[in-house]
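**Student:** Give me a model of this one.
(chains A, B and C)
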Amino acid sequence: MSEQKNRLDLIDLNDYPVSWWLKLLDLGHKIVQNPAAYSEACKGKIMGTLFYEPSTRTQMSFQTAMLRLGGTIIGFDNPATSSVAKGENIKDTTKIVSGYADIMVMRHPTAGSVKAAALTADCPVINAGDGGHLHPTQTLTDLLTLREEKGRLDNLTIGFCGDLKNGRTVHSLIKAMVCFPNNKFILVSTSELALPVYVKDILEAAGMEYKEVTDLEEVIGELDVLYMTRIQKERFASEEEYQSQSGNYILDTRKLSMGKPDLIVLHPLPRVDEIAIEVDDDPRAMYFKQAKYGMYIRMALILTVINGDGASQPLMKGRVHKHIDCSNPNCITHHEKYLPHWFKGDGTTLVCEYCDERTLVE
Amino acid sequence: MSEQKNRLDLIDLNDYPVSWWLKLLDLGHKIVQNPAAYSEACKGKIMGTLFYEPSTRTQMSFQTAMLRLGGTIIGFDNPATSSVAKGENIKDTTKIVSGYADIMVMRHPTAGSVKAAALTADCPVINAGDGGHLHPTQTLTDLLTLREEKGRLDNLTIGFCGDLKNGRTVHSLIKAMVCFPNNKFILVSTSELALPVYVKDILEAAGMEYKEVTDLEEVIGELDVLYMTRIQKERFASEEEYQSQSGNYILDTRKLSMGKPDLIVLHPLPRVDEIAIEVDDDPRAMYFKQAKYGMYIRMALILTVINGDGASQPLMKGRVHKHIDCSNPNCITHHEKYLPHWFKGDGTTLVCEYCDERTLVE
Amino acid sequence: MSEQKNRLDLIDLNDYPVSWWLKLLDLGHKIVQNPAAYSEACKGKIMGTLFYEPSTRTQMSFQTAMLRLGGTIIGFDNPATSSVAKGENIKDTTKIVSGYADIMVMRHPTAGSVKAAALTADCPVINAGDGGHLHPTQTLTDLLTLREEKGRLDNLTIGFCGDLKNGRTVHSLIKAMVCFPNNKFILVSTSELALPVYVKDILEAAGMEYKEVTDLEEVIGELDVLYMTRIQKERFASEEEYQSQSGNYILDTRKLSMGKPDLIVLHPLPRVDEIAIEVDDDPRAMYFKQAKYGMYIRMALILTVINGDGASQPLMKGRVHKHIDCSNPNCITHHEKYLPHWFKGDGTTLVCEYCDERTLVE
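**Tutor:** Numbers count the residues shown, from 1 in each chain, chains lettered A, B, ... in the order given. Modelled structure (predicted):
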């Protein structure tokens, strides 16, 4: 299992250079323009969708993408009723399915699980979310939406509103958008739910302009893009703060009226009440169309991966340290004991290649 | 959301004239005669099947219909394990799926829910049952069965046996059959489970001959069609009545021997014990073939809807009364608060356009 | 229901002669060699997969097989969430599905259930496991693996290791392998988990050489094939015996190093810990490839059954004894009361044609 593969998997967007992303977005654009031209592109191919936790929306998006390419689907979405619940390890299940299928899409609640599966799978693997760790096709969805609707990925003033502390989606999109010049970031949240320091470090390292505010209303007029996210009630510091503050993070038609005419409003969905339903009728509300772009970019991705186009990457770049354990208790290596302990780095700090967590070595 | 669509949805059979039903039955007949001719009629099209409550039989019938037209399927059948359970509203879920799919089939436990979904969906919608309210494809199934097996929809003596009070299926079929001349209705039930007054009013308004009896045996010889339905044990007035009466509503070979040679026996299925299994071997037992006609008429319906053939109908015909609530506590408008309150009528009685319930206005 | 069908179902491999198995294996071989040549062989055909108990691996294998033949799939895998849970009998459910589908694959926890379904189904039926009774496609999988990987089904020394008492898989494969000359069987188990007498009787009746040992290590060097199975911890006589003995039945790289260079290691999967994961990297580890052969042989089987090729068999060979009940409490006839009581034999011993259990008649 220490052998390396040179096959095109998509585990982490950052495994590939920006030029690769752009190629994917170009293909996505072509598909948006003329989906019928791709209706038999994956004829005779089978996609395995292994959803170890239910995610109806993501699963249907992938399934529709494969069907619109002329392919077919096997898989499960409810391990509780599948033999998987009988305690089979991830390796055996994914090994078998990857023998049946031509491409495998996997979602799992544990960080690093999809990379672990890719290590031994017999077909290319796409990460459809590994816990709170990575969800690259959501970021690709956001990038395609921006590029199709704004025409560019640079020179944008982007507002992120809601829970910026816990939102994997927001962190990933920011990490992607710093790769394009002259973007400006406006971060709208309570101080408790502010963007983590490590993401701000990324903004600063990239020399990107950003500011933090607590009130959507005061900045909405500056934005080209407003990316809304959900704040769970229990994330506010107190019931009083919830009552007095939550309204600041809800988009309604009154606030939207202060936005630019060409503003676009995004949301990864599902929403609860952070966007009033009346907003849906405004042409600037782009979140349902965004979901549809998600289907198109997944078509582009499936096609690219199944054809092995582009620069394939070795899955692991460091080496195995047999006697060192990852310090992250939620890392897949603690659940699947047979996995070799791959780490990057060589000094006193190693980075787990499954979950990306740092481990200090004494 | 007050904008009206002019697209072909099938929410309620009564939205369309009898001539439209007949066109559909004609197409159904052609498909029965030569299903292979339609095997690529929906090639490249995707059907979304959103089953908010499980109904394996109905879902498989729709799925088979779509597959036999060369189309493909996405969807869910178990909201408990899907993200839908995370509290997303019907609008958002159906909006997204209708962006992925070319046609959407929906079943939901609440009256008016499917019409609510159709209001904002981006593709045509078929009602596969909204609680106890409507189930138009069951009625279409019954009509195709009658027409194929009896050669006509008029001049038939039709017996309905079982629980005629609570059977949506029976009410709908009666409402359909009064549109054809010289049908005669024989209603076989306990007095507690008799046909509701409002359905008898429809029979009388249409000038149809009908009679009510409590014993199947005494009338079976008169029938061209016997439509059996289930009586649940707890629907009898008492245990004694169940013991003494239930036998009257069970079809066995002895009773069937009194039927005409060209009688046909229908049942919407599933049966429990209201038809003895020995009856299955009688060529007059038509309920399994009826299920197969259900697949054929759904093929005809999918094809018609996806092609937009025929007279499309605006979904809502009245207007929004913002401050009036529907009086039916099970109406979808009480569960999905964002829905505009559409009503037909203008005087003191309004009819809810979702659930068809009357509301008195003071 | 006493009428006999002459249609090609696969309920029990022993319903067909060895020549029929070989024809199937020949077709399996051709498919392995050139799967693309069969990619439209079932175009327009629908397979119904009725899984009354979940078995993700078997279901996905059948589904992939059908998709790789160009066909499509309907079905269920979780009766708890399907209408089937509402108490419909097997006959009605399978009658309806077999009216929709062109071929039906069924798995059910009760012995004889699939044969019961085949009795009234309107399309051919394949047994995907009826409780602990039969699972013919696992045996076909094993046969295809042996033939492809060893080049023959005769002159093989085959070791079976683990729980040989309770393993349906092992019993079926032994029953099949005695049909080929000069095979030698080495049975490795604790004495409590030894092969049942009735299977040893089969070995002896066929004049096959066999021996029983308690230690894998002492015989592994003799084997051409090692068929591993799982021993559940609770099957050992005591905790002490588990501690001291279980290691004898675990295959690791040390033991494997004593095996021949052309040994192949099989396992029906899922494994727990009876094969160390390090063994996977040895080219003699054939169990994942075996799973893939399972897909190929199912392709061959579906194609054969759907085309009705080969010698079809009447399902029932004896006659109905109305007043005799099968002595096996787990026989389907005790759950589905309407089933006619078919038995083979005429004297004082009858054999139930559903579950194959013997019943003594006084």
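
**Student:** So which bits of the stretch 101-250 of chain A are right by chain C?
**Tutor:** A:101, A:120, A:122 (Cβ under 8 Å from any Cβ of the partner chain). All C-beta spots, glycine's among them, are computed from the backbone N, C-alpha and C.

**Student:** What distance do you get for the first one to A:Ile126?
**Tutor:** Meaning A:Ala101. Going from A:Ala101 to A:Ile126 by Cβ to Cβ, to the nearest Å gives 11 Å.

**Student:** neighbour count winner among these two?
**Tutor:** A:Ala101 (28 against 25; other Cβ atoms under 10 Å in any protein chain shown).

**Student:** Not counting residues beside it along the chain, what's closest to that one?
**Tutor:** A:Gly48 (3.6 Å; Cβ to Cβ, 6 or more residues apart in numbering or on different chains).

**Student:** in a strand, that's where that neighbour is, yeah?
**Tutor:** Yes: under DSSP: H, G, I helix; E, B strand; the rest coil, A:Gly48 falls within a strand.

**Student:** Who does it form a beta bridge with?
**Tutor:** Counting by DSSP bridges, A:Gly48 forms beta bridges with A:Ile74, A:Met104.

**Student:** Run through the strands of the stretch 101-250 of chain A in chain order.
**Tutor:** Secondary structure of the stretch 101-250 of chain A (DSSP state E, counting those that start in this stretch): strands located at A:103-108, A:125-130, A:157-161, A:184-188, A:209-213, A:225-228.

**Student:** export the ones you listed to a markdown table and tack on mean pLDDT?
**Tutor:** Below are the strands of the stretch 101-250 of chain A laid out as a markdown table (pLDDT from 0 to 100):
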| stretch | mean pLDDT |
| --- | --- |
| strand A:103-108 | 97 |
| strand A:125-130 | 97 |
| strand A:157-161 | 98 |
| strand A:184-188 | 98 |
| strand A:209-213 | 98 |
| strand A:225-228 | 98 |
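
**Student:** Sort out for me which of the residues of the stretch 101-250 of chain A next to chain C are in helices.
**Tutor:** Assignment to helices by DSSP state H places the following of these there: A:Thr120.

**Student:** Which member of the residues of the stretch 101-250 of chain A next to chain C is positioned nearest chain B?
**Tutor:** A:Ala101 (16.6 Å; Cβ to the nearest Cβ).

**Student:** wait, the closest one sits on A:Met66?
**Tutor:** No: checked against Cβ atoms under 8 Å, the pair A:Ala101 and A:Met66 is beyond contact range at 10.4 Å.

**Student:** Residues in contact with both of these two, list them for me.
**Tutor:** Common neighbours of A:Ala101 and A:Met66 (criterion: Cβ atoms under 8 Å, 6 or more residues apart in numbering or on different chains): A:Met47.

**Student:** follow-up on the earlier one: just curious, which of the residues of the stretch 101-250 of chain A next to chain C is nearest to C:Ile275?
**Tutor:** A:Thr120 (14.6 Å; Cβ to Cβ).

**Student:** where does the closest one land on pLDDT?
**Tutor:** Here the pLDDT value assigned to A:Thr120 is 95.

**Student:** and C:Lys43, which of the strands of the stretch 101-250 of chain A is closest to it?
**Tutor:** Of all those, strand A:103-108 sits nearest to C:Lys43, with 21.9 Å by Cβ to Cβ.

**Student:** Mind putting the residues of the stretch 101-250 of chain A next to chain C into JSON lines with distance to A:Lys175?
**Tutor:** Below are those laid out as JSON lines (distance: Cβ to Cβ, whole Å):
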{"residue": "A:Ala101", "distance to A:Lys175": "30"}
{"residue": "A:Thr120", "distance to A:Lys175": "28"}
{"residue": "A:Asp122", "distance to A:Lys175": "31"}
